[in-house]
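Q: Here's a sequence, model it:
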Amino acid sequence: TVSLHCIEDSVTCNFKSRAAEVSIRIAFTVQYVGTDFFGFQLQKSERTVQAELEKALALVLRERVRIYCSGRTDTGVHALAQVVHLETTNHDIELHRLIYSLNAVMPNDVSIIHGQFVEADFHARFSCLGREYIYKIVNAPYRMADEFGSSYWVRQKLDIEAMRKAVEPLIGEFDFAAFTPSIHVRANEITIRRIDDIKILQIGTHVYFHFCGSGFLHNMIRILTGTLIEVGTGRAEPGKLKKALESKQRTEAGITIPPQGLYFAYAKYKTYQTPAELIPLREILLNRVY
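A: Numbers count the residues shown, from 1 in each chain. Next up, the predicted model:
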C-alpha cells in the first residue's frame, strides 16, 4: 500500500524537477575589439565573438548555451554596446558574479559590461527598436600609430558642412539598395530601412559619423561613409547620395571603406537599457551641439 505522504512527496519531487528545467532569460551588453575576430556570428574554423561568449558560458554555467545578438557585425568591426540574450536552466545565478566569472575566462578583446534578467519574450534581435553605429575617421595630414586598427585615416581636409548637407535626403524610410552589395539585391533581400538621424561631428583630428535607425544592410554604413568621404574631399557633389538613393544602383554610390573604423554603438529596447555612462563616446556625440 502506498501512503498519501509518499504520493505527496512524489508529486512535490516531480514539480521541483520540472521547475528546475524552466529556463530563465538574461540580456548582456558586450564590448569587443573586432580586429582579430571574423565577425560576430559562429563560423566553423574562424575565431568569432559568439564562439568566445558561448565557450565562456559553457565553462561557467556548465551547460551548453546559445546566444542571440541585436545585430551581427562583420570581420574587423568593433562594438561599444552589442546586446545579446541567452537562456539557462541554472537558477542559482547571482548576476554580478556571473559577469565577473565570464570576463575572467574570456580573452581581453571581449567583455561583458552590463547585464539584467529579462522577460521570457525578450529577444536581442526582434525586440530591438533601433540600432546605432559610429564610424570614426582620423582626418590629419599624417597617419597616427595609436589609431591603428581603430579608425580610418583620411589625409585630405574634409568639408564637414558639405557632408552634412549630403545626408539630409537620407533621413526617413527608403530603399537603400544602392548602399549594399548588389549580390544581396539580386538575392531579393529586403533593402528598405529607416534612418532616424545621421550626425557628423568633428572633434580635433577625429571626425565621427553617428548613424541611428531601425537597422542597416550589409556594408551599408561603410558604403554611406565612403560616399560621404568623396563628398567631403570634393571628389563628388553633395547630391551624389540622393542620386544614388533614387537610382537603387550600387554603381551610383561610393566605395566600401574598411571595417576598422566601424563600431556597433547601441541597441534600444523597451525593457533593457545599457547605462549611458558605459558608452561615453555615444553620450558625447549625442549631446554635442554643432
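Q: And for residue 270, nearest residue in space, chain neighbours not counted?
A: Leaving aside its chain neighbours, residue 270 sits nearest to residue 129 (6.9 Å; criterion: Cβ to Cβ, 6 or more residues apart in numbering). The C-beta positions use only the backbone N, C-alpha and C, and glycine is treated the same way.
Q: Would you agree that neighbour is in contact with residue 272?
A: No: applying Cβ atoms under 8 Å as the test, residue 129 and residue 272 come out as separate, 10.5 Å apart.
Q: Name the residue in the two with the higher neighbour count.
A: Per other Cβ atoms under 10 Å, whichever of residue 129 and residue 272 has more neighbours is residue 272, with 23 against 9.
Q: quick one: contacts for that one?
A: Residue 272 is in contact with 27, 83, 116, 118, 122, 127, counting by Cβ atoms under 8 Å, 6 or more residues apart in numbering.
Q: Kindly report the same for residue 192.
A: 173-176.
Q: What residues sit buried inside the strand or helix carrying residue 112?
A: With secondary structure defined by DSSP states H and E, residue 112 is part of strand 110-118. By 16 or more other Cβ atoms under 10 Å, the buried positions in strand 110-118 come out as 110-115, 118.
Q: Just send the residues you listed back as a markdown table, with pLDDT too.
A: What follows is the buried residues of strand 110-118, written out as a markdown table (pLDDT from 0 to 100):
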| residue | pLDDT |
| --- | --- |
| 110 | 98 |
| 111 | 98 |
| 112 | 98 |
| 113 | 98 |
| 114 | 98 |
| 115 | 98 |
| 118 | 97 |
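Q: Can you add distance to residue 227 and give those residues back as JSON lines?
A: Shown next, in JSON lines, are the buried residues of strand 110-118 (distance: Cβ to Cβ, whole Å):
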{"residue": "110", "distance to residue 227": "31"}
{"residue": "111", "distance to residue 227": "33"}
{"residue": "112", "distance to residue 227": "35"}
{"residue": "113", "distance to residue 227": "33"}
{"residue": "114", "distance to residue 227": "34"}
{"residue": "115", "distance to residue 227": "38"}
{"residue": "118", "distance to residue 227": "38"}
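Q: what pLDDT, on average, does stretch 171-183 get?
A: On average, the pLDDT along stretch 171-183 is 96.
Q: same check, this time on stretch 61-72
A: The model assigns stretch 61-72 a mean pLDDT of 95.
Q: Then stretch 238-258?
A: What stretch 238-258 shows for mean pLDDT is 97.
Q: Which residues are in contact with residue 229?
A: Taking Cβ under 8 Å, 6+ apart, one finds 137, 154, 158, 254, 257 in contact with residue 229.
Q: Which one of these is nearest to residue 164?
A: Nearest to residue 164 out of those is residue 158 (Cβ to Cβ; 10.9 Å).
Q: Tell me, what's the model's pLDDT at the closest one?
A: For residue 158, pLDDT reads 98.
Q: For burial, what's the neighbour tally of the closest residue to it other than its chain neighbours?
A: In space, and not counting its chain neighbours, residue 158 is closest to residue 232: 3.7 Å by Cβ to Cβ, 6+ apart. Other residues near residue 232 come to 26 when the count uses other Cβ under 10 Å.
Q: Check residue 149 too.
A: 13.
Q: mind listing what it touches?
A: 33, 35, 260.
Q: so the second one sits right up against residue 76, yeah?
A: Pointing back at residue 35 there. Yes: Residue 35 is within contact range of residue 76, at 6.3 Å (criterion: Cβ under 8 Å).
Q: neighbour count winner among these two?
A: residue 76 (18 against 15).
Q: pLDDT at the residue nearest to residue 158, what is it?
A: 98.
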